[in-house]
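Peer 1: give me coordinates for this.
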Amino acid sequence: MRTENVQVGREAYENYAEFYRRSSYSAFPQQHRTIEGTGRYSMILVEQGRHELADPAVEEVVISTPLSAPACSYDWNMGAGWAGGKSRTGDLIVVPPNVESRWRVGGPRKLVILAVPVDHVRSLLGPECPDDLSSALEPLSGSTAPNTVVSTLLQQLWTLGDPDGPLGRMLVDSMVLSLICQVLILAKAGTPHPATGAFSSRDWRRVCDYIDAHLQEEIALADLARLAGWSVRHFTRMFRQSTGQTPHNFIVHRRVDRAKDLLRKQKLQLADVALTCGFADQSHFTTCFRKATGLTPMRWRRELV
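Peer 2: Residues are numbered from 1 along each chain as shown. Next up is the predicted model:
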């Protein structure tokens, strides 16, 4: 597919709205609003054109819906391989926090986007908030069928503008809370139940051995599927049913486990550990390690002493 924009590199962005303003997305007509509740929620109204871009991992839950998408096909990849379909008005599109996403969009579409910081999600949900939001929302990663509740709430939030007074801020919080609850309920309903026996013990050992032997490299989903003798789609589905994880998350956890072994060797620099374990760079390593353990690699190492 011919692309009109260059894929962004691994540059650090404070939040999703800043990324939209500073990256190649800035070529698209867009409006930005900050909606005030007890927290500050970023919203974007954008008219996208044909493109192929990568969105960075941010500490926000990103929820969007197309307001219009005439004859627009698109693909996305959030670590479990490429998927795709037709972009439809009212589709629910979710990017979990701390997840890099890649997009190939084949035509024009108009989106309204909401980005909610993770700490605000935790504040709104209180004890009902999942410990790992990324994993909880993973079943919705990418795009699902149109959802009237989500699309209506997103459009109402955009038109609400700046709320006036405490009641207005309470209204914003209640609408954002309704959105978050809706996507979490949908994600829970779509979570596959773990099953046993999808892999033979021999095939499972072969897949794990291959992953462990190639942690320092980029591991292709097609190569893992080939080891099991399945198509990529069937392999991904069976993997999730067997482990409760996507292949991507499983690989990241293996890399984190390898990193723990290396961190015990005090002389190794964090950058060396990151590259040895297959992380893109030290920043990517720190993000993944903290997500898995709750600690940065440096703090985890210090607590060993």
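Peer 1: C-alpha from now on. contacts and neighbour counts both.
Peer 2: Noted.
Peer 1: can you get me a residue count around residue 87?
Peer 2: Using other CA atoms under 10 Å, residue 87 is surrounded by 28 other residues.
Peer 1: try residue 132
Peer 2: Other residues lying near residue 132 total 11 when counted by other CA under 10 Å.
Peer 1: do residue 178 as well
Peer 2: Count around residue 178 with other CA under 10 Å applied: 16.
Peer 1: tell me which helix or strand comes right after the helix or strand hosting it.
Peer 2: Using DSSP states H and E, residue 178 sits in helix 165-189. Toward the C-terminus, helix 165-189 is succeeded by helix 201-213 as the next helix or strand (DSSP H and E).
Peer 1: wait, residue 129 sits on residue 119?
Peer 2: No: Residue 129 lies out of contact with residue 119 (CA atoms under 8 Å); the separation is 10.4 Å.
Peer 1: so between these two, which is more surrounded?
Peer 2: Neighbours were counted for residue 129 and for residue 119 using other CA under 10 Å; residue 129 has more, 16 against 12.
Peer 1: tell me the contacts of that one?
Peer 2: Residues near residue 129 by CA atoms under 8 Å, 6 or more residues apart in numbering: 121-122.
Peer 1: how about 7 Å then?
Peer 2: residue 122 (CA atoms under 7 Å, 6 or more residues apart in numbering).
Peer 1: pLDDT score for it?
Peer 2: Reported pLDDT at residue 129 in the predicted model: 90.
Peer 1: buried residues in the helix holding residue 178, which are they?
Peer 2: For helix 165-189, the neighbour count (16 or more other CA atoms under 10 Å) marks 169, 171-173, 175-181, 183-184, 186-187 as buried.
Peer 1: swap in stretch 149-163?
Peer 2: In stretch 149-163, counting by 16+ other CA under 10 Å, buried: 150-151, 154-155, 157-158, 162-163.
Peer 1: and the residues you listed as TSV, adding pLDDT and secondary structure?
Peer 2: TSV is the format used below for the buried residues of stretch 149-163 (pLDDT from 0 to 100; DSSP: H, G, I helix; E, B strand; the rest coil):
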residue	pLDDT	secondary structure
150	89	helix
151	90	helix
154	93	helix
155	92	helix
157	91	helix
158	92	helix
162	70	coil
163	71	coil
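Peer 1: okay, now the domains of this protein?
Peer 2: Domains of the chain are assigned by automatic domain parsing as 16-189, 201-302.
Peer 1: what's the most buried one of these?
Peer 2: For these, average neighbour numbers computed from mean count of other CA atoms under 10 Å are highest in domain 16-189, which has a mean of 18.
Peer 1: does the most centrally placed residue in the chain sit in a helix, a strand or a coil?
Peer 2: Against the mean C-alpha coordinate of the chain, by CA atoms, centre = their mean, the closest residue is residue 99 at 3.1 Å. Three-state secondary structure (criterion: DSSP: H, G, I helix; E, B strand; the rest coil) places residue 99 in coil.
Peer 1: ok, residue 263 touching residue 301?
Peer 2: Yes: counting by CA atoms under 7 Å, residue 301 is a contact partner of residue 263 at 6.1 Å.
Peer 1: how long is stretch 117-134 end to end?
Peer 2: Length of stretch 117-134, first residue to last, CA to CA, to the nearest Å: 12 Å.
Peer 1: chain center to that stretch, what's the gap?
Peer 2: Centroid displacement of stretch 117-134 relative to its chain, using CA atoms, centre = their mean, to the nearest Å, is 15 Å.
Peer 1: roughly how far does the closest residue to residue 60 other than its chain neighbours sit from residue 63?
Peer 2: Leaving aside its chain neighbours, residue 60 sits nearest to residue 117 (4.1 Å; criterion: CA to CA, 6 or more residues apart in numbering). From residue 117 across to residue 63, the span is 11 Å (CA to CA).
Peer 1: other residues contacting stretch 62-74?
Peer 2: 84-96, 104-116, 151.
Peer 1: picking up where we left off before, the residue nearest to residue 60 contacts residue 61, correct?
Peer 2: Yes: the criterion here is CA under 7 Å, and residue 117 meets it with residue 61 at 6.4 Å.
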